[in-house]
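Chemist: Everything below, folded, please.
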Amino acid sequence: MANDRMLYKPDWPDAKVRWEAFWRGETPDRVLMMVTAPKNTSEALPEPPPPTSIEDRWRNTERIVAAAEATFSRTYYAAEAFPVAYANLGPAIVAGMLGCAVDFDERTMWLSPILDDLAAIDDIGFDEQNGWWLKICEMTEALQRASEGKFMVGLTDLHGPSDHLSALRGNAQLCVDVMEQPDAVEHGLRRCLELYWEILVRHAEQIHQTHDGSSCWMRWWAPGRSEVIQEDFADLISLEHYRRLVQPVDIELARRLDHSVFHIHETMPRLIEGLVEIPDLGVVQWAGIWQNPRFDDHLPYLRRIQAAGKGIYMRAHPSEVERVIKSLSPRGLCLTVGCGSPAMADDLVAKAEVWTRQRLDAMQSE
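Modeler: So this is what the prediction gives:
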C-alpha cells in the first residue's frame, strides 16, 4: 500500500501499530498523541500562488495538491500525527451530490434546499454522473497519484444523514417537521442513511485501491472502512428527539463501520447520554477545549464518555496536556496538540509518557 512508508512521516509503521492499539482500547506506554510543529527546512516545497477566484480556490485540483504537499514539507509530525490530504468541497457536499445547488465563498459552501415535501425523499437518488461526485473522484485520484510514498489520502467531508436531510429540506423547516411530522422525518433519515452509505462505500473503495485503512478531515487513522459520524443538525433538537429520530440511524451507521468517531460541538453536551448509548460507537470527539477554566467545566462529560466505555479524541493546549492525562483515563484517549517547534513536540511526547505511567499507577491504587 502507498502509505506503508511516508516521506513526511518516516516512522509511520510504528505509529500505525499505536493507532491499532488505540482502537482496541489499549495504552501501551503513552496516550495516543497527534503532535505537530512547524519546521524550517531547505527542502520545503514552494507554496502555490494564492487562488485567483472562488472557482480557483475550490476546484483547481493541481493547486490543491501542490498546496497540500507544501504544507506537509513544512510540518513536523511527532508521535502518531501524520500527513493526510483529502478532496475538500466543503461540508455536506453529499447533499450537492443528491441535487442541491451549491454556492461557495472564501471559507465554506452553502446549499439550497430542494425538498418541498418530505414524502418526495423517495424520489431523491444518487447519480454517479453528478458533477460534484465526479469532481471528488478526480481530486481524490490526483491526490492518490501524488501521495505515493509521501502522505495519506483520506475521505472527503461527508457529514451524516440528518445533515443531508437538513440540507435537502432546510434547517428551519426540518425543525418544524420534527415537531409536526416526526414519522416522515424518521423515514427521510433512513432514506438519507442509505444514500449516504452508497456514496461512502464507493468513495472508500476508491481510496482503498492505494491506501490501507481510513482517514478523513479529522486526521485520525483506523483500520478498515471507518469514518466520522457527524450530525450537526442534532444541535438544534432535544435529547428526546435525537433518541427517537437520529439515534437509530447513527446506531445503524456505527454498526456498519469498522470504527467510528462521533464529532460534536461544545454546544451539544446535552446529547452525551444519547451518544454513549450507541453500542458500536468507538470514540467521541470533543471539540474546543483549550485552557482553564473550560476544561473543568467539561470534565464531567468527558468522564461520562469514558465511563460508558467510549474513547475520547480531543485537542489540548501544550500547557494542558499533563492535566488532561492526569484527570482522565489514558486508555482510549487521543490528544491533538500543536507545538512551536520540533524540539518542543518531542519533549512534550517524552513527558506524556511519564505522565501516562503516573496516571496508570494512580488508577491501580484508587
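Chemist: Break this protein into its domains for me.
Modeler: Following the assignment in automatic domain parsing, the chain carries domains at 1-39+219-223+258-366, 44-73+83-208.
Chemist: Point out the one among the ones you listed that comes closest to residue 237.
Modeler: Across those, residue 237 has its closest neighbour in domain 44-73+83-208 (5.7 Å, Cβ to Cβ). Bear in mind the C-beta positions are built from the backbone N, C-alpha and C, glycine included.
Chemist: Identify whichever of the domains of the chain lies nearest to residue 244.
Modeler: With distances scored as Cβ to Cβ, the stretch of these nearest to residue 244 is domain 44-73+83-208 (6.7 Å).
Chemist: Show the average pLDDT along the closest one.
Modeler: Domain 44-73+83-208 shows a mean pLDDT of 96.
Chemist: possible to save the domains of the chain as a markdown table with distance to residue 240?
Modeler: Formatted as a markdown table, the domains of the chain follow (distance: least, Cβ to Cβ, whole Å):
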| stretch | distance to residue 240 |
| --- | --- |
| domain 1-39+219-223+258-366 | 9 |
| domain 44-73+83-208 | 10 |
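Chemist: Could you save these as JSON lines and add columns showing mean neighbour count and distance to residue 230?
Modeler: What follows is these, written out as JSON lines (neighbours: other Cβ atoms under 10 Å; distance: least, Cβ to Cβ, whole Å):
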{"stretch": "domain 1-39+219-223+258-366", "mean neighbour count": "18", "distance to residue 230": "4"}
{"stretch": "domain 44-73+83-208", "mean neighbour count": "18", "distance to residue 230": "5"}
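Chemist: For residue 233, which of these is the nearest?
Modeler: When those are compared for distance to residue 233 using Cβ to Cβ, the nearest one is domain 44-73+83-208, at 4.1 Å.
Chemist: between the domains of the chain, which gets nearest to residue 245?
Modeler: Between the domains of the chain, domain 44-73+83-208 lies closest to residue 245; by Cβ to Cβ that is 5.5 Å.
Chemist: now the end-to-end length of the closest one.
Modeler: This stretch, domain 44-73+83-208, spans 28 Å end to end (Cα to Cα, to the nearest Å).
Chemist: do the same with stretch 220-237
Modeler: 28 Å.
Chemist: Buried residues, that stretch. List them.
Modeler: Taking 16 or more other Cβ atoms under 10 Å as the basis for neighbour counts, the residues of stretch 220-237 that come out buried are 220-222, 225-234, 236-237.
Chemist: Now for residue 295, which secondary structure element holds it?
Modeler: Following DSSP states H and E, the helix or strand that holds residue 295 is helix 294-307.
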